[in-house]
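**Q** my questions concern the predicted model and sequence given below.
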Amino acid sequence: MGVHSKKDKDGKLRWYIDFYVDGIRKRECVGHSKTLAKKALAKRTTEVSEERYINKPKAGLLFKEFAEQWLEERKSHLKRSSYYDYKSILDLHLIPAFGKKRLGKVTEVDIENLIKNLKVSLSNKRINNILVPLKTMYKTAYRRKDITTNPIDGIGMLRVEKTEIRPLSMEEVRLFLENVDSHFRDYFEVAFFTGMRPSEQIALKWDNIDFNRAKINVVDARVMGEESAPKTVASRRAIDMLPPVKEALERQSEKTFLSSPYVFVSKKGNIVDIGNLRKRTWYPALKEAGLRRRIMYQARHTFGTLMLSTGENPSWIARMMGHTNVEMLFKKYSGYIPNITHQDGAVFMQKFYKDGHFLDTCNK
């Protein structure tokens, strides 16, 4: 609870009060006087404690005011990256479209028109991302009886085409590693043969590496500058080190073990930025190797398809990649599953690796 001030669009100072009713944060503008704000807060506090407070519908509240209040309420429940994504969505799309409308005056037609306008420059996937906070916000307002009808209730998500799987073959992996910047060669060798997500790999620390057990413990992911536990329980996992991975990590330890808690760092010794890595290293290496341009996430898909195509057990692969079950593998990589027999990486290693070197078998 408290009082605080904020300048309006005309530069005038306005005072607001914050208080809670049944665990729900309430915010009211009470004018230009701090003294008045304190009196209003005391009144509301008494009303709440004596159960005399009446929750007035907010349908007359501006969309902008409700949206900002809703996001502030959700802040403590969201990851930092999600909070800033929602804030960006409000600032760039939702508030410009509906900000000056009353919360209860936004219609289904208004939202359909927004979607139509967004389709001009955005993908269906991104538009769906924009609809998520809008749906949640109106669901909250309707549940609290701040509005009598939910304008987005009848609007479904847009159809999103499946992401194209364009993995590298083993020969293409070799070409890539031969042409990639040497500073990041070990990074990509680990990426290709563990199936780690980029967000997991840039957060990998030496404390997570167990050379004795040949395990990589995935406990963190780094998104938008924030490190936190991966989204799912399955994503927190112990990855088996295949021989080339162990050798790459041993080489990397000579570079960064004493100088950084992170396994992989930039050339300046800083935390790796995925955007920079993609732009300055991944794409140039593909071009230098004469390979088709594709997103960096295909390194993860490469692991899945290489393992499946050599007959490794899908359950083992799913565990390595942090999937809850094998359904995702079957859904994504069904064309790469010849049989279900092995479960430890041995088939892949027998075909492609011997005595510390990759075998030249792709053209045989």
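**A** Sure thing, it's come through. Numbers count the residues shown, from 1 in each chain.

**Q** show me where the stretch 151-300 of the chain has its helices.
**A** 170-179, 185-192, 198-201, 243-256, 274-277, 283-288, 298-309 (DSSP state H, counting those that start in this stretch).

**Q** with adjacent residues omitted, what lies nearest to residue 124?
**A** Distance criterion C-beta to C-beta, 6 or more residues apart in numbering; nearest residue to residue 124, sequence neighbours excluded, is residue 158 at 3.9 Å. Glycine gets a C-beta too; all of them are placed from N, C-alpha and C.

**Q** element containing residue 20, please.
**A** strand 13-21 (DSSP states H and E).

**Q** which other helices and strands does that strand contact?
**A** Counting contacts by 3 or more C-beta pairs under 8 Å, 6 or more residues apart in numbering; DSSP states H and E, strand 13-21 packs against strand 2-7, strand 24-31, helix 34-49.

**Q** so how far is the second one off the chain centroid?
**A** When C-alpha coordinates are averaged (C-alpha atoms, centre = their mean, to the nearest Å), strand 24-31 and its chain have centres 32 Å apart.

**Q** same thing with the first one?
**A** With C-alpha atoms, centre = their mean as the basis, strand 2-7 stands 33 Å off its chain's centre.

**Q** now it against helix 34-49, angle please.
**A** Here strand 2-7 runs at an angle of 140 degrees relative to helix 34-49 (axes from the mean of the first three to the mean of the last three C-alpha atoms, to 10 degrees).

**Q** thought residue 237 was touching residue 319, still the case?
**A** Yes - between residue 319 and residue 237 there is a contact at 6.5 Å, judged by C-beta atoms under 8 Å.

**Q** quick one: the strands in the stretch 101-250 of the chain?
**A** 209-210, 215-218, 221-223, 226-228, 237-240 (DSSP state E, counting those that start in this stretch).

**Q** quick check: buried residues in the second one?
**A** Which is strand 215-218. Residues of strand 215-218 classed as buried: 216, 217, 218 (neighbour count, 16 or more other C-beta atoms under 10 Å).

**Q** pull up the pairing partners for that strand, direction included.
**A** Strand 215-218 sits in its sheet next to strand 209-210 (antiparallel), strand 237-240 (antiparallel), going by DSSP bridges.

**Q** got the domain boundaries for the protein?
**A** Taking automatic domain parsing as the reference, the chain has its domains at 1-55, 59-161, 170-358.

**Q** pick the most deeply packed of these.
**A** Among those, the stretch with the highest mean neighbour count (mean count of other C-beta atoms under 10 Å) is domain 170-358, at a mean of 17.

**Q** next one: the residue nearest to residue 124 from residue 165, what distance?
**A** The gap separating residue 158 from residue 165 is 21 Å, by C-beta to C-beta, to the nearest Å.

**Q** same check on residue 15?
**A** Distance, residue 15 to residue 165, using C-beta to C-beta: 56 Å.

**Q** same question, residue 324
**A** Separation of residue 324 from residue 165 (C-beta to C-beta) stands at 19 Å.

**Q** same question, residue 37
**A** Distance, residue 37 to residue 165, using C-beta to C-beta: 58 Å.

**Q** with residue 257 instead?
**A** Distance, residue 257 to residue 165, by C-beta to C-beta: 35 Å.

**Q** could I get the average pLDDT for stretch 149-161?
**A** Mean pLDDT, computed over stretch 149-161, is 93.

**Q** correction: the previous question concerned stretch 289-304.
**A** Mean predicted confidence for stretch 289-304 is 97.

**Q** what does that stretch contact?
**A** 165-168, 172-173, 175-176, 178-179, 188, 191-198, 274, 277-278, 282-283, 286-287, 317, 320-321, 329, 332-333, 336 (C-beta atoms under 8 Å, 6 or more residues apart in numbering).
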